[in-house]
Structures are given as structure tokens and as C-alpha cells.
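Student: Quick one, what's the 3D model for this:
(2 chains)
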There are 2 protein chains.
Amino acid sequence: MFQPMPFAGDPLDRVSNERHDESWVQEQLRDSKSRFLPLWRLQAPCADGDEPRLVWTDGSALSHLEDGGQTALLGLLDGVAHFVLDVSELEEPVTALGFQNTSYSDVRALATRIPAPEAGILAHARSVLDWHRRHGFCPNCGSKTESFEGGSVRKCPACNASHFPRTAPVVIMLVWRGERCLLGKRAGAAGNRYSCLAGYMDQGETIEAAVRREVSEEAGLEVDEVRYFASQPWPFPSTLMIGCFAHAASDEIEVDAQEIEAARWFSRDEIARVLVGPDANLDVTIPERVAIAHHLIKAWSESGPAGAK
Amino acid sequence: MFQPMPFAGDPLDRVSNERHDESWVQEQLRDSKSRFLPLWRLQAPCADGDEPRLVWTDGSALSHLEDGGQTALLGLLDGVAHFVLDVSELEEPVTALGFQNTSYSDVRALATRIPAPEAGILAHARSVLDWHRRHGFCPNCGSKTESFEGGSVRKCPACNASHFPRTAPVVIMLVWRGERCLLGKRAGAAGNRYSCLAGYMDQGETIEAAVRREVSEEAGLEVDEVRYFASQPWPFPSTLMIGCFAHAASDEIEVDAQEIEAARWFSRDEIARVLVGPDANLDVTIPERVAIAHHLIKAWSESGPAGAK
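Tutor: Numbering: from 1, shown residues only, chains lettered A, B, ... in the order given. Sure, this is the predicted structure:
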């Protein structure tokens, strides 16, 4: 078995029932033991050093912010409430919050540097805060919405609609046939980076239908068998990556230039080489292990077609 | 193999690239060959008789509506564009549209009565129209949004945000251990209806983590192995049902009364009996075959634990 997928290790108890109780949530916000992860413009605070860790603060951070700042309850660990807190309004968060030896970094860059459980918490934290930042108004009537239940729902006082944090399902698939797999180069992608085909699911689709549609659209290939592999939360801003193996019914591809710039078949030997690192003879890179694409490619490479199918 | 899952048979080509071209979409709207499915308050028109079919109309229906009514492009079949059209503003759609031997019905009731490809189209049609009806305003800034690309996106003229039709992933799982499976009775469910446990996925979760969380919350059970089974689009309003088998690590359950009223283990023999129909001695029903829960239960019943695992 592979290591937990990056961003998939969240150890918190999400307390789906307790969080409905507003007074319980307010108690947790005031509890001096509660921990707050202060995200700044969607970046995360990380302790400098050889073993980087997320930097948490206590509820005193709320006093630096107008109206206390947007919070969202992430969950409990050993009875201690963990919240994310938006400190984007601060000019210099490190100084204002009294942090030392701490830097703010992009969430993606931290994912494989910090311990897996922290990366899991961070995925949830970034997604929920980004959602609050862009859902201050009711899509049904246009009124301002308010955050309830520890940030797990926004409600509209005008039309009474409830709005929940959004997760968009995406299919990502390794297309394979015999001893080769198909990777594509996304239009505008930097360098010579080849990856799995992927795309947002539509309404009214199954996972398998979305895989077939995307492969047909991007590479002009018919897929017969689809096999689920694993899933990954991807917090940019909030997608569920659904990884599958897709067996191609033929070899001939027809690339759709609007979606991808190029696509080509790679042999098992070529994949084994690019997995090790940059290969001068091949001049191709694949996604790093933060992405589920890496794990799909690696699993196919290691288990062979029988295993993949 | 089982029959296609209800709502999963959409045969239309969704023309993801062509639909970006507004003038192409406008041409399709004016084309006399184009077909329009006129949904009325989210109900669908169906021809009466022994072999019920959806009833389509041509573009002349648009003239009965102010501003032409909300449309959304569903896709192409044999080169003919298929749209859904919202005729909710009409008082009596059957009369106004000149239909004969036609009734409007709930989409759920039609799902297994009409041919599978039509049920698939209908799932897409209901989801996208419902989304337009409840997303007329920008969640980012509160301004009115406008429909573009044949109804596959709404854009905000004030802040330039694009908003896409929403699909919410839901995990639904048959929990099993040895020769028994666990079904729950949802709080407030009518009759003595037992079904699979299920729940909306949270942000920052994998499919497997969501299965474990829901089973723990609802039944107090730890799940070890999770195996993906199949998926189904469920257009009420727009969820992706992700069906899994979940193997319980123990037998003892502790039901959370907020989520479900009761839960109990059923033997393989009991499941075989309720699958046939109402059983006087058991006094329990399970979901009908429109729901993926039915197919999860049936697959476990037929293939046994080895097959399920």
C-alpha cells in the first residue's frame, strides 16, 4: 500500500452533531485551550527549521481583528477544539500575532513538508476559509449571509436559504492499454510536464461516465473499463479528486487543442525512468507526489496492467 | 452485471467545447430541428400510456414565455441539440404548449418508468434547471448573474466571477460484517423503511474518510476496509451518490438518534426476503431500485462477503 495521499490525513473529529449547537461552539471559541490556525490571504504559518510544523495560536488572536475575524471549526483532537481563523486583514501577521521563527507559505508547498495529519487539517482549513471569503451573499436572493454552526453553514436572513461549503468532484484518470499509458500536457502548462487527463464532473453524470467523456473530449479515445483507484481532497479551492484507471479500447489518439497541448503514449520503461527523476533522454516530467496523478502513474507502473485492471 | 443505474443513462454528447461558443449556441436555439424539454416547476412532461416517454417540443415553446424563459443546453444526439426549458411561469403548461395525452410528473416517479436514456437526460435537465432557479445572484458580491454558454455557467457582470452548476458528493455505504449487513431507519422516514447509511462529504475529506466518519457518527462503528461499488447522479437537487461497501471492525452498534431513528443487523436470509417484496414476518422495506441503496444491498446479497470485499 502507498502512504496516505497528501492532504488526506486529517485526524480531527469533525463533531457533526455538536457543531449544530451554537452555544457549544461559542464555548469552544472562548475556551483558553482551543487552538486557532491563522491563515493569511490563504497562506499558512509554518515554523522554520528542519522539521516544519504548522503554527497555532490561542483565542487572543481574535482581539487583533475587527469583529473577531471569520472562524470555522475544524474539529476536536483529544477534546481540544481546533479552528481556522482568517487574519487576512493584518498587514504583517507574523509581527501582529507575536510569532517567532515563523513564515507564511502557500498551502501546496507545505503539503509534503509538514506531517501528514497537519497537511490534512490544512486542506480542510484552506477550503472552508476560501469558501467563506467568496460566499458572503445568498445566490438565491442576493442578500448578505451569516456564518453559523462553527462556520459549517451560511444562512440567509432574507430568504432563509442555507448554504453549505462546496466540494466539486473531479475525475482524474490514468488511461492505459497494454504496456503503455497516456499522459497529456495541459495547454499553458510550464515546462514539459505531462500528467493524467482530468476534468470537472458535470451534473447528471456517474464517475464512470465522466471519465469516458473527458478521455473522449481530450484525446478522442474510447474507454471500455473504468476502475476506481483512490480519492484525494485538493484544496485549490475545494475539489474532490477521484482517481481511476481507464482502459482504452484503441491506440489512436486525436488531441483536442483547446484542452490539452499534446498527449502521447509512454512505455512502462519510460514511466519507470521519469518516476526516478528528470531524465535527460526523455525531457519530460510528471507531477510530484503531492498530486494524486503521481500516485496513479506510480501504481500502474508498479502493478502492471493486470493490477491496474 | 446489473442494469445501468437509474438516472445514469444519459446518451447525449455534452459538447463541452462547442458550448463555449455563444454564437453556435444561439444557432442551436434557433434551429427548427432542436428539441426542448419543458420542465414545469421541476416536473417533467410524460406521454400517457403503457410505454411512457418524455414529451419534447420545438423552439416555438419559447414564444409563450417572457424573455424566452431559462434554457440550458443538455447536449447533442445525432446532431440535434437538446435543451431543457423552464416553463414554470405558465399556469397550465399542457394546454399552453398544445400537448395531448400528456401529464406532468415528479422526476423521481418517472425514473424507472421511462427508458433509461431518457431518465439520464432528465436527471441532467432537472439538476441544471434547479441550479439556475436558485443561483440568480453572485455569492461573491450579491449582484445579479447571467447565464452563458448554453446555461453551463453563470457570470457576474459586477465582479467577473464565474459560477458553475453545483454537484455535491454524497457517500452511501452498505456496512457489513460476516453474514450480516447493517441498515438504518432515518429519523422521520415513513413506514418501516431501512436503508444504507449515507451523508454529504465534507471539504478536505477522501471518499474513504467520509465513509468512516458517517458510519462512526450514525452507528458508532469503526470501519476497516472500504471498497468502491458504483456511483449514481441523484437530481434532488444535484448530488453524486458514491456507493461503497464498508466492512465493520466489530458488531456492537450505538445509534445516534439525531441522524437515524434505529439501525439493526440483517442476516443474508432476511435481505433475500425483503428484496423479493414485503415480508409479513419481517415488517421491513428497503429502497426501490431507483436508488443506489437498492443496488448496493442486492449486490451484497448476491455476491456474498467475499464478493463484496
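
Student: drop to CA atoms for contacts and neighbour counts, all remaining ones
Tutor: Fine.

Student: Would you mark the buried spots in stretch A:50-67?
Tutor: A:53-59, A:61-62, A:65 (16 or more other CA atoms under 10 Å in any protein chain shown).

Student: Could you do stretch A:289-297 as well?
Tutor: A:290-297.

Student: That one vs chain B: in contact?
Tutor: No. Applying CA under 8 Å from any CA of the partner chain, one finds stretch A:289-297 separated from chain B by no less than 11.6 Å.

Student: got the contact list for that stretch?
Tutor: By CA atoms under 8 Å, 6 or more residues apart in numbering or on different chains, the residues outside stretch A:289-297 that reach it are A:5-6, A:108, A:111-112, A:172-174, A:195-196, A:229, A:231-232, A:241, A:243-245, A:271, A:286-288.

Student: and whichever residue of the stretch 201-309 of chain A sits closest to chain B, how many residues sit next to it?
Tutor: Residue nearest to chain B within the stretch 201-309 of chain A (CA to the nearest CA): residue A:204, separated by 4.2 Å. Residue A:204: 29 surrounding residues under other CA atoms under 10 Å in any protein chain shown.

Student: Ignoring the adjacent residues along the chain, who's closest to the spatially most central residue of chain A?
Tutor: By CA atoms, centre = their mean, chain A has its centre lying nearest to residue A:234, at 1.1 Å. Distances taken as CA to CA, 6 or more residues apart in numbering or on different chains place residue A:240 nearest to residue A:234, at 6.1 Å, with adjacent residues excluded.

Student: now do residue A:128
Tutor: Nearest one to residue A:128, counting by CA to CA, 6+ apart, is residue A:165 at 6.5 Å.

Student: what does the stretch 51-200 of chain A have sitting close to chain B?
Tutor: Of all the residues in the stretch 51-200 of chain A, those lying near chain B are A:120-121, A:123-125, A:127-128, A:133-144, A:165-169, going by CA under 8 Å from any CA.

Student: List buried members of those by neighbour count.
Tutor: Looking at these with 16+ other CA under 10 Å, the buried ones turn out to be A:120-121, A:123-125, A:127-128, A:135-144, A:165-169.

Student: quick one, helices of the stretch 101-250 of chain A?
Tutor: A:107-110, A:116-134, A:207-219 (DSSP state H, counting those that start in this stretch).

Student: Same list (the ones you listed) but as CSV, adding mean pLDDT.
Tutor: As requested, the helices of the stretch 101-250 of chain A are arranged in CSV below (pLDDT from 0 to 100):
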stretch, mean pLDDT
helix A:107-110, 95
helix A:116-134, 97
helix A:207-219, 96
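
Student: Throw those into TSV and include distance to residue A:303, thanks.
Tutor: Below are those laid out as TSV (distance: least, CA to CA, whole Å):
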stretch	distance to residue A:303
helix A:107-110	28
helix A:116-134	25
helix A:207-219	21
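
Student: ok so, going back, can I assume the residue nearest to the centre of chain A is in contact with residue A:241?
Tutor: Yes. Between residue A:234 and residue A:241 there is a contact under CA atoms under 8 Å: 6.6 Å.

Student: quick one, what contacts the nearest residue to residue A:239 once chain neighbours are set aside?
Tutor: Nearest residue to residue A:239, sequence neighbours excluded (CA to CA, 6+ apart): residue A:168, at 4.6 Å. Going by CA under 8 Å, 6+ apart, residue A:168 touches A:200-201, A:238-240, B:166-169.

Student: Restricting to C-alpha, output the helix or strand harbouring residue A:299 in CSV.
Tutor: Assigned by DSSP states H and E, residue A:299 belongs to helix A:292-308. C-alpha atoms of helix A:292-308 as CSV (Å, rounded to 0.1, in the frame of the first residue of the first chain):
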residue,chain,number,x,y,z
ILE,A,292,-2.9,12.0,-6.9
ALA,A,293,-1.7,11.9,-10.6
HIS,A,294,1.7,10.9,-9.3
HIS,A,295,0.2,8.0,-7.3
LEU,A,296,-1.9,6.8,-10.2
ILE,A,297,1.1,6.7,-12.5
LYS,A,298,3.3,5.0,-9.9
ALA,A,299,0.6,2.4,-9.0
TRP,A,300,0.2,1.5,-12.7
SER,A,301,4.0,1.4,-13.2
GLU,A,302,4.4,-0.9,-10.2
SER,A,303,1.5,-3.2,-10.5
GLY,A,304,1.2,-3.7,-14.2
PRO,A,305,-1.8,-3.9,-16.4
ALA,A,306,-3.3,-6.8,-14.6
GLY,A,307,-3.1,-5.0,-11.3
ALA,A,308,-4.4,-1.8,-12.8
